[in-house]
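Undergrad: I would like the atomic coordinates for the input below:
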Amino acid sequence: MENFTPVSALIGGGLIGLSAAILLAVNGRLAGISGIIAGLVPPARDDATWRVLFIIGLFGGAGGWLAVTGGPVVAFDVGWPILVIGGLLTGIGTRIGAGCTSGHGVCGLARLSPRSIVATITFVIVGGLTVFISRHLIGV
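TA: Numbering: from 1, shown residues only. Predicted coordinates for the structure are as follows:
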């Protein structure tokens, strides 16, 4: 179980929850990444600054952790076309579902939102089915 890292997972989860709580307390906004990015393309309001800073913080936090720990070696078992298709389907899904796993799964569940509970259950089921189909039926 070399990938079992409960301490870093607990710290990371706590930081995600803390950042979501701070954003809600300070800006009154949910920390749904798809919504934050959608608000930048095109910037419809004068709130682009906090959105850009939040995204920089996401990459900066991950980059900082990578710099300190050396990070894991990331390898993909599929080619770029599958990754691009997966990314596009994820983007389409976040628009259809009116949010992403961070908005529904972190913020929505914490607020006991019925819509977010249904969305998160759907994410988990579809994710599990996708892995099963791609690994065991298609062989990707």
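
Undergrad: can we go C-alpha only for contacts and neighbour counts from here?
TA: Noted.

Undergrad: Number of residues surrounding Ile33?
TA: By the criterion of other C-alpha atoms under 10 Å, Ile33 has 19 neighbours.

Undergrad: So for it, what's the nearest residue that isn't a sequence neighbour?
TA: Closest residue to Ile33 apart from its sequence neighbours, by C-alpha to C-alpha, 6 or more residues apart in numbering: Ser102 at 6.4 Å.

Undergrad: That neighbour: what's it in contact with?
TA: Going by C-alpha atoms under 8 Å, 6 or more residues apart in numbering, Ser102 touches Ala31, Gly32, Ile33.

Undergrad: roughly how far apart are Leu30 and Ile138?
TA: 37 Å (C-alpha to C-alpha, to the nearest Å).

Undergrad: Neighbour count for the two, which is higher?
TA: Per other C-alpha under 10 Å, whichever of Leu30 and Ile138 has more neighbours is Leu30, with 20 against 9.

Undergrad: Would you confirm that the more buried one contacts Cys107?
TA: Yes. Contact criterion C-alpha atoms under 8 Å: Leu30 and Cys107 qualify, at 6.4 Å.

Undergrad: Low-confidence stretches in this structure?
TA: Residue ranges of the chain with pLDDT under 70: 1-2, 43-45, 140.

Undergrad: C-alpha coordinates for stretch 109-116, PDB please?
TA: Only the C-alpha atoms of stretch 109-116 are listed here, as PDB (Å, rounded to 0.1, in the frame of the first residue of the first chain):
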ATOM      1  CA  LEU A 109     -22.200  18.500   0.900                       C
ATOM      2  CA  ALA A 110     -21.000  20.700   3.700                       C
ATOM      3  CA  ARG A 111     -24.200  22.800   3.300                       C
ATOM      4  CA  LEU A 112     -26.300  19.700   3.000                       C
ATOM      5  CA  SER A 113     -27.600  20.800  -0.400                       C
ATOM      6  CA  PRO A 114     -29.900  18.100  -1.800                       C
ATOM      7  CA  ARG A 115     -28.800  19.000  -5.400                       C
ATOM      8  CA  SER A 116     -25.100  18.500  -4.400                       C
END
